[in-house]
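> Give the three-dimensional model of this entry:
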Amino acid sequence: MAEVFTAGVQYNDWKGTAAADDADNVSIQTFFRGKGVPQDGFVVAIRAYYLSVSPGNIGVRAVYADGDGFDSVNDQIQSTDNPTFKELDIDLTLAEFFGLFKRFNVVLPMKGLGLDGRNYEIQNAR
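Numbering: from 1, shown residues only. You can find the predicted model right below:
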C-alpha cells in the first residue's frame, strides 16, 4: 500500500509542520537499532501518533531502508520515483520520545485560515 510522508488525522482540524534537532546523547539510528531496526538499516523518517485514550504513550513508527548510511540510502531514494521502505512500530513514553531530540517544535495552524507558512506580527497584550 502506498504511503505519503505527510501527517494527517481523521479531521485535520489543526495541520502544520514540525522540526526537531537530534539529541546529543543518542542518535535516532542507534536508538532504533536497539529497538529492532537491523544493523544494515537506515532510518529515513519517524512517524508518531498520539491517542488521547492512551495517555502517557506515543506510537512511533521508524521508516527505514536497507543501506550503508546516508549516501547509500540517498542514492537509492533518488534513483526511483517510488522508493520502498520497511517499518518498525514501537510504543514509547512521551519522555522517551521527546528524549530523542534536543529541540522539538510543532506549529499547528487552525484549518481554513490560510496561515500555514505565513509571516505574522506580534502585538503586545494589554
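
> CA atoms only: put the one helix or strand Leu92 maps to into CSV for me.
Taking DSSP states H and E as the criterion, Leu92 maps to strand 86-93. Provided in CSV are the C-alpha atoms of strand 86-93 (Å, rounded to 0.1, in the frame of the first residue of the first chain):
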residue,chain,number,x,y,z
LYS,A,86,10.4,-1.1,5.8
GLU,A,87,8.8,-0.1,9.1
LEU,A,88,9.2,-0.9,12.8
ASP,A,89,6.3,0.0,15.2
ILE,A,90,7.0,0.6,18.9
ASP,A,91,5.3,2.3,21.8
LEU,A,92,7.3,4.9,23.8
THR,A,93,6.5,7.0,26.7
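
> and the helix or strand that comes right after it, which residues are buried?
Per DSSP H and E, the first helix or strand lying C-terminal to strand 86-93 is helix 94-98. Neighbour-count burial for helix 94-98, counted by 16 or more other CB atoms under 10 Å, picks out Phe97. Just so you know, the C-beta spots here come from the backbone N, C-alpha and C atoms, and that holds for glycine as well.

> ditto for stretch 30-38
For stretch 30-38, burial by neighbour count (16+ other CB under 10 Å) applies to 31-33, 37.

> pretty sure Ile58 is touching Ala95, no?
No - taking contacts as CB atoms under 8 Å, Ile58 lies outside contact range of Ala95: 10.0 Å.

> Tell me which residue is most central in this structure.
Ile46 (3.5 Å; CA atoms, centre = their mean).

> Determine the three-state secondary structure at that residue.
strand (DSSP: H, G, I helix; E, B strand; the rest coil).

> before we move on, back to that, between the buried residues of stretch 30-38, which is closest to Phe104?
Set against Phe104, the nearest of the buried residues of stretch 30-38 by CB to CB is Phe31 (14.7 Å).

> Helix, strand, or coil at the closest one?
Phe31 falls in the helix class when you classify it by three-state DSSP.

> Please name the residues that touch it.
Leu100 (CB atoms under 8 Å, 6 or more residues apart in numbering).

> so which helix or strand takes in the closest residue to Phe85 other than its chain neighbours?
Sequence neighbours aside, Val63 is the residue nearest to Phe85 in space, at 5.0 Å (criterion: CB to CB, 6 or more residues apart in numbering). Per DSSP H and E, Val63 falls inside strand 57-66.
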